[in-house]
Each structure stands twice: as C-alpha cells, then as structure tokens.
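In: Sequence first, then the predicted structure, then my questions.
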Amino acid sequence: MGARVSKIVEEVCGVSMKVPWSLIGLMVVGLACRPEAALGQDDLARALAGLAPVFGEATVYSRKGQEDIYEIARRYGVSASDLFNANLGDLQLGDELLLIPTERIAPLAGGEGVVVNLAERAAYLYENGQPVERYPVATGMRGWETPTGDYTIANKAKNPTWFPPEWAVEEEPVPPGPSNPLGDRWLGLSIKGYGIHATNAPWTVGRYLSHGCIRMYPEQVQELYETVKVGTPVKIVYARVVLGYRPEEGAVYMGYYPDPYRIGRAGPDSVGAQLAGCGLEWAAGLATVAKALESPRGVPMRILGSRTRVTVNGKPVEFALGPTRVGGDWLVPAGPLVEAMGAKMEMGPDYVLITRDRQRVFLSPGDPDVIANGELVRVGAAPRMAAGHPLVPLKATAMGLGSSVGWDEWADTALVWDPWELGGLGRPQGVPGGMR
C-alpha cells in the first residue's frame, strides 16, 4: 500500500497499518465524521468554462496530382504555413490526403473586436465575447516585429495610396492598383505606422515577412472591413501555447505554435503553470503535455477528457469533463458518478471516501492504492484532482460499489450495471462484462 494512504488511514482512523485489512475496512467508517462533500461539479465546470473556446472542425482533403498548396490553403481560408505545420511539412507532389486545420483554439477565453496571435499568425474576430471568424495573417519579420498591446481601429480606407516610409526602396507615393502593397483595404491602428491591410502578394499570408503591419487575404480583409468600425478594439498577443475547451465533448485541448521572435518559452513546466491557473495541473499528466509539445503543429491536441460516454443502467451520466484514459482505466469526475449510483461522497484534504450502505471505497489523489470494502486494490489510474473536484478510476469505483463494468465499442461508451439501482437484479443477459 502507498505510504501516503497508509499515513492518512493511520492519522484519520487512529490505527496502525499492522491491523488486519478486514478491520481497517471497518475503521475507515470513522472518516464519515467529515461533512458530506457536494456531489456537483460546479467549480470544475466554471474552471473549464474559463478556457478559450475550441471551434470549427478539421477537414481532410484529397489532393489531386500536383494541385497547388497555396490555392488549396486559400480556398479553405487558411495559409500555406498552416497546411505545412498541420501536416508536419510532409507535402509530396502527387495524390495525398491533407489535414486542413479548420479546427482552432481561440487565443482568449473572451474578447471583443479583433484579437491577433502573432505566434499563430492568425487574427480572430470576436462578437459578444465569442470568436466567430479566424483569418490567417502575415506579421512582422525579425527586426520588424509586430508590437503586442491593446489598440483600436483608428481609421479605414478603401483603395488607399501608399506613402513609402524611410525603409522603402520606393520614393514616390504608390496609387491604388496592382502595385500597391496595401491592396484595396486599409484598417489603421491607433499605433502610428501600423495597420491591418490587404496585400498584392497573397502568398505571403501566414508568414513573417512584413515590416510590422498585418497582411490578410484580399477577400478576407474586405469582409473584416465591412464588419468592424472605427474604435473597434484590437488586441495583439504572442501566445505559443493556448488551452481550449469543447463543452459538447467535455475535453480540454492544447494548441502549440512556433517561436519566430524567440521570446515565448514553452515546455511541460510552463504549460503546467498555465494549467495550474485554472486548477487543472493535477488532472493533465505531464507526459500527455510533453507529447503535444513534440511539434508546433498548431492543430488542437486533446490533453484531457474525451468523447467517451458513461451510462449507469442505460442512463447517461453527464460530466463537465469527459472520461480521461489513463493506464487500464478511465478517470471520471466523482460527483456525477456517485450521484448516478445513489452513493455518498466525503472529502478531506488528502482523501475521498465513497459510501453506499456497507460498501466503502477509500481513495487518495495521486496514490494508485485504493481500499475497497477492506481490500487493497492497485488501480491503473491513480485518482487526481481537477479544480478541486476528484477524478476517480471508473472501474475500481464502480466495482467497489458492487457494480460491473462493460464496454460498447460501437458507441464508445462504458457501461456500468448496478444491481443496487436495479433493485437487486444482476447484469442483464447479453451485456458484455469486463473493461477494455
């Protein structure tokens, strides 16, 4: 048994671990002097809702022959750089399947107006605090970095004239037309000399090639021009790692981007600090984070939760955070599972006690040793904490309460059959046993 659980049982129960396990199982009842913990997952739900939204759906495209990458990217409203990163730069000439990165994580949980993430080379349009559009952009090259900060749209112009700055080769103003590097739309920012504009070189979108301005595809900046007004907020950030949440899946995703300005540290520890900011540092394993950091693809990578569902006697259990596969089990928020099984949950600083009649499951976050009805059980998924709410191993917890756990491969669903809730009936005929 883990030293941590041993210490907790000895301190809270007031017994030596030399006492037989059958007696320890009875003495664990003494933990019930603590007030019953809330079964809800409100704090967890609030923490997850504080993450940036994940929106859109990834697309798979069958490239034909030597079809141009830039044309494919522009057709789908992404940049060629987006395509290269998403496909790990492995773009051959010939027939192939391409991942089109049309699923993205917004850079902020809430915002208004335009938000630009320089590391991602993308601008997002927010309305009512939610991202509604994403546009690939070109930003400043090294030495001419686009400045971060909070600005506004200061002025707008159609078919602008370009007045060359000191660094330009041109000496005379360039009128509207195909030679004008500003294209046909200009959105000037409240920082002198910088703006969002179209370009006469759309192939540069998605790259770090400008002298600080933000370039867009002509058709996209035309759309943005009609949407935003003078005074619209523009926030420019440099976020290499962004965390997002899909409530319909109950999953947390991570996006990881390059570091062209060499100012954005990104490693398991720094990502762990971001997760700690929303109470999820215990929940997401550093090995999962490290894997997502292997390459700055920009594609949302799931690091916590899943689409997998859980039913108890055929009734779905609603989790704010979907089941997370760890070792040979699934970790799930304890409260909804306990409630669905008609049990009670009590918590202390270092333990969780789940009880129903004479059945007792004692767990300690981080320790793979569980006491189930006086028996020591080594679980494949040690309990964790997520925003103050315990995540418990599904199989060990359900079986500790006298239930069986099966698996529906087609429906991607864990099936808990609980004789207690069925009025003492056994598992229905034809229901698979075991757990994958």
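Out: Thanks, I have it.

In: in the stretch 301-436 of the chain, which spans are strands?
Out: In the stretch 301-436 of the chain, the segments counted as strands under DSSP state E, counting those that start in this stretch are 301-305, 309-312, 315-316, 324-326, 329-333, 344-347, 352-356, 359-363, 369-372, 375-378, 384-386, 389-393, 404-408, 413-417.

In: Give me the pLDDT value at Gly327.
Out: Per-residue pLDDT puts Gly327 at 81.

In: Tell me the spatial nearest neighbour of it, not counting adjacent residues.
Out: Closest residue to Gly327 apart from its sequence neighbours, by CB to CB, 6 or more residues apart in numbering: Gly380 at 3.1 Å. Placement of C-beta: from N, CA and C, glycine included.

In: ok, now Glu318?
Out: Once flanking residues are discounted, Glu318 sits nearest to Pro336: 6.0 Å by CB to CB, 6+ apart.

In: Surely that neighbour is in contact with Leu321?
Out: No - between Pro336 and Leu321 there is no contact under CB atoms under 8 Å: 9.9 Å.

In: Can you work out which residues contact both of the two?
Out: Counting by CB atoms under 8 Å, 6 or more residues apart in numbering, the contacts common to Pro336 and Leu321 are Gln41.

In: For the stretch 101-250 of the chain, which segments count as strands?
Out: Counting by DSSP E, counting those that start in this stretch, the strands of the stretch 101-250 of the chain are 104-105, 113-117, 122-127, 130-136, 139-140, 149-158, 185-189, 195-197, 208-210, 214-215, 233-237, 241-246.

In: out of the ones you listed, nearest to Gln359?
Out: Of all these, it is strand 241-246 that lies closest to Gln359, at 33.8 Å by CB to CB.

In: Each with direction, which strands does that closest one pair with?
Out: Paired neighbours of strand 241-246 in the sheet (DSSP bridges): strand 52-55 (parallel), strand 251-256 (antiparallel).

In: next SSE after the longest one?
Out: Later in the chain than strand 251-256, the nearest helix or strand by DSSP states H and E is helix 268-277.

In: cool, and the first one?
Out: Sequence-wise, the next helix or strand downstream of strand 52-55 (DSSP H and E) is strand 59-63.

In: Sheet-wise, list the partners of that following strand with their directions.
Out: Using DSSP bridges, the strands paired with strand 59-63 are strand 96-100 (antiparallel).

In: From the chain's centroid, how far away is the strand it pairs with?
Out: Relative to its chain's centre, strand 96-100 lies at 23 Å (CA atoms, centre = their mean, to the nearest Å).

In: average pLDDT for it?
Out: 90.

In: Only the buried residues of that strand, if you could.
Out: Buried residues in strand 96-100, counted by 16 or more other CB atoms under 10 Å: Leu98, Leu99, Ile100.

In: Over to stretch 334-348?
Out: Using 16+ other CB under 10 Å as the test for burial, stretch 334-348 gives Ala334, Gly335, Pro336, Leu337, Val338, Glu339, Ala340, Met341, Ala343, Met345, Glu346, Met347.

In: now, which of the residues you listed sits nearest Trp186?
Out: Lowest distance from Trp186 to those (CB to CB) belongs to Pro336, with 52.4 Å.

In: Out of the strands paired with strand 241-246, which gets nearest to Ala73?
Out: strand 251-256 (18.1 Å).

In: quick one: the closest one to chain centroid distance?
Out: 3 Å.

In: And stretch 82-94, by the same measure?
Out: When C-alpha coordinates are averaged (CA atoms, centre = their mean), stretch 82-94 and its chain have centres 23 Å apart.

In: neighbouring contacts of that stretch?
Out: Identification of contacts with stretch 82-94 by CB under 8 Å, 6+ apart yields 63, 65-66, 69, 72-73, 98-101, 121, 136, 206, 258, 295-299.

In: Let me see the domain layout of the protein.
Out: Here the domain parsing of the chain from automatic domain parsing is 3-41+308-417, 57-102, 108-237.

In: With adjacent residues omitted, what lies nearest to the residue in the chain sticking out farthest from the centre?
Out: Centroid-distance maximum for the chain: Glu172 at 49.3 Å, with CA atoms, centre = their mean. For Glu172, ignoring the flanking residues on the chain, the nearest one in space by CB to CB, 6+ apart is Pro164 at 7.5 Å.

In: what's around that neighbour, how many residues?
Out: 13 (other CB atoms under 10 Å).

In: now Pro316
Out: So Pro316, with other CB under 10 Å, has 11 neighbours.

In: Check the gap between it and Pro336 for me.
Out: Here the criterion is CB to CB, to the nearest Å. By it, Pro316 lies 10 Å from Pro336.

In: Now the residue lying closest to Pro176 once chain neighbours are set aside, what are its backbone angles?
Out: The shortest distance from Pro176 to any non-neighbouring residue, by CB to CB, 6+ apart, is to Asn159 (3.8 Å). Dihedral pair for Asn159: phi 50, psi 60, per degrees, to the nearest 10.

In: Isn't Trp330 up against Gly322?
Out: No - contact criterion CB under 8 Å: Trp330 and Gly322 do not qualify, at 9.1 Å.

In: Find the residues that touch each one of those two.
Out: Any residue near both Trp330 and Gly322 by CB under 8 Å, 6+ apart counts here, and that gives Thr308.

In: pLDDT score assigned to Gly2?
Out: 52.

In: now Pro247
Out: According to the prediction, Pro247 has pLDDT 94.

In: Surely it touches Ala49?
Out: Yes - the pair Pro247 / Ala49 is scored as a contact, 7.5 Å apart, by CB under 8 Å.

In: Counting neighbours, what do you get for Ala273?
Out: When neighbours are counted by other CB under 10 Å, Ala273 registers 11.

In: contacting residues around it?
Out: Applying CB under 8 Å, 6+ apart, we find Ala273 in contact with Glu281.

In: go with 10 Å
Out: Residues near Ala273 by CB atoms under 10 Å, 6 or more residues apart in numbering: Gly267, Glu281.
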